[in-house]
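Asks: no sequence on hand, only this structure:
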């Protein structure tokens, strides 16, 4: 039996009259994700040249617990009201989240105050949990469970094993993307194909694979934590990659290449099974482990956030769901950054990929600044 999920995150969900950036969580947090993608990578490139005192642990932490969590926050704050038919988080609660996220980014520059970074995820998780549990939306309990899992990995990073915490944290971020991707990609694809062709299209996911997808990714994280120096995580990762690839076989991928806002979602998702297979190869000594891991970070996380962020920002602004030339340029640059980082020798790839990533996200930030900081063009709230 196949599972079909329709999801609409375009509808305005609030008549809040306060400051524009506090009307909806997608506005500040998609903007933060874009700006931090640029600034964080630029600082890392400077650090590689010895200009700033930042190490690879800081780079990894800020990409996972800074950049990725900002984007996840933006999406969940926009989508959860539609899942639960509740009022969006806005105003003072949203301002609190903004303050805590920014506090965490600043605190990470100062060793004595870095623990303040731990405040954000538990507070955000509580807000999302309260929304979801208020209507007993059991289908989405895994959303705040994954959020608290990320919070625990952040604790592990600050007080124990940084490398292990980052690897497990990456897999939990991927679990969130697998959950979100499994909902939005089939729905957006079949809706876009129907609008383009006037013909009915169904994008189906085998129900058993939908049920196994997130648990398998979490299992990779769990085996990484429990058996970090064995081949067990690599073996589970390969199986997970195969499962996630089979999951997307009926998503009509090959019919999407004339619709940039849709094909980018498919490419982003495809990085996830590819990344897990490469992670397994890395664990078995068949590939550089760092390059393999970047298939999941630069590839899956970076491209999926760009894909979902651009589509959601347009939808929530009342604009047509059509990718501009600058959007497509951003897509190509970030995809190229991932390909370079994963498949070129590491001594060549780091600087080139960093430059492509920074340029791509810079293009996105410039193009979507007016979309995120100006009112909806249709005059509706949100």
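Replies: Sure thing, it's come through. Predicted model only: the values in this text are computed from it and were never measured.
Asks: the strands in the stretch 101-250 of the chain, which residues?
Replies: 205-206 (DSSP state E, counting those that start in this stretch).
Asks: do a quick rundown of the helices in the stretch 151-300 of the chain.
Replies: Using DSSP state H, counting those that start in this stretch, the helices found in the stretch 151-300 of the chain span residues 162-197, 207-226, 232-247, 260-283, 289-294.
Asks: need those in a markdown table with mean pLDDT, can you?
Replies: Shown next, in a markdown table, are these (pLDDT from 0 to 100):
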| stretch | mean pLDDT |
| --- | --- |
| helix 162-197 | 93 |
| helix 207-226 | 94 |
| helix 232-247 | 96 |
| helix 260-283 | 96 |
| helix 289-294 | 92 |
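Asks: and the ones you listed, which is most packed in?
Replies: Scoring the helices of the stretch 151-300 of the chain by mean neighbour count under mean count of other C-beta atoms under 10 Å gives helix 260-283 as the most buried, with a mean of 24. In this view, the C-beta of every residue, glycine as well, is placed from N, C-alpha and C.
Asks: tell me what that helix is packed against?
Replies: Packing partners of helix 260-283 (3 or more C-beta pairs under 8 Å, 6 or more residues apart in numbering; DSSP states H and E): helix 162-197, helix 232-247, helix 289-294, helix 302-317, helix 325-343.
Asks: so which of these comes closest to residue 214?
Replies: helix 162-197 (5.2 Å; C-beta to C-beta).
Asks: least trustworthy helix or strand in this structure by mean pLDDT?
Replies: Counting by mean pLDDT, DSSP states H and E, the chain has its least confident helix or strand at strand 2-3, which shows a mean of 41.
Asks: next secondary structure element downstream of that one?
Replies: Next along the chain after strand 2-3, taking DSSP states H and E as the criterion, comes helix 26-48.
Asks: list the buried residues of that next one.
Replies: Within helix 26-48, the residues scored as buried using 16 or more other C-beta atoms under 10 Å are 26-45, 47.
Asks: identify the residue nearest the geometric centre of the protein.
Replies: In the chain, the centroid-proximal residue (C-alpha atoms, centre = their mean) is residue 305; its distance is 4.3 Å.
Asks: now the angle from the strand or helix carrying residue 94 to helix 26-48?
Replies: Using DSSP H and E, residue 94 sits in helix 91-107. Going by axes from the mean of the first three to the mean of the last three C-alpha atoms, to 10 degrees, helix 91-107 is angled at 0 degrees with respect to helix 26-48.
Asks: contacts for helix 91-107, please.
Replies: Helix 91-107 has contacts (C-beta atoms under 8 Å, 6 or more residues apart in numbering) with 16, 18, 22, 25, 28-29, 32, 36, 62, 65-66, 69-70, 73, 77, 89, 113-120, 123-124, 127.
Asks: are any of those buried, and which?
Replies: The buried subset of the contacts of helix 91-107 (16+ other C-beta under 10 Å) comprises 16, 22, 25, 28-29, 32, 36, 62, 65-66, 69-70, 73, 77, 89, 114, 117-120, 124, 127.
Asks: ramachandran angles for residue 49?
Replies: As for residue 49, its main-chain torsions (degrees, to the nearest 10) stand at phi -90, psi 0.
Asks: same thing with residue 135?
Replies: Dihedral angles of residue 135 (phi, psi; degrees, to the nearest 10) stand at phi -120, psi 10.
Asks: any idea how far residue 45 is from residue 117?
Replies: In this view, residue 45 and residue 117 are 22 Å apart by C-beta to C-beta, to the nearest Å.
Asks: also residue 29?
Replies: 16 Å.
Asks: take the contacts of helix 91-107 and keep only those in helices.
Replies: If you go by DSSP state H, the contacts of helix 91-107 have 28, 29, 32, 36, 69, 70, 73, 77, 120, 123, 124, 127 in helices.
Asks: from these, pick the one nearest residue 349.
Replies: Set against residue 349, the nearest of the ones in helices among the contacts of helix 91-107 by C-beta to C-beta is residue 36 (21.7 Å).
Asks: list the contacts of that closest one.
Replies: The contact partners of residue 36, taken as C-beta under 8 Å, 6+ apart, are 62, 66, 67, 70, 105.
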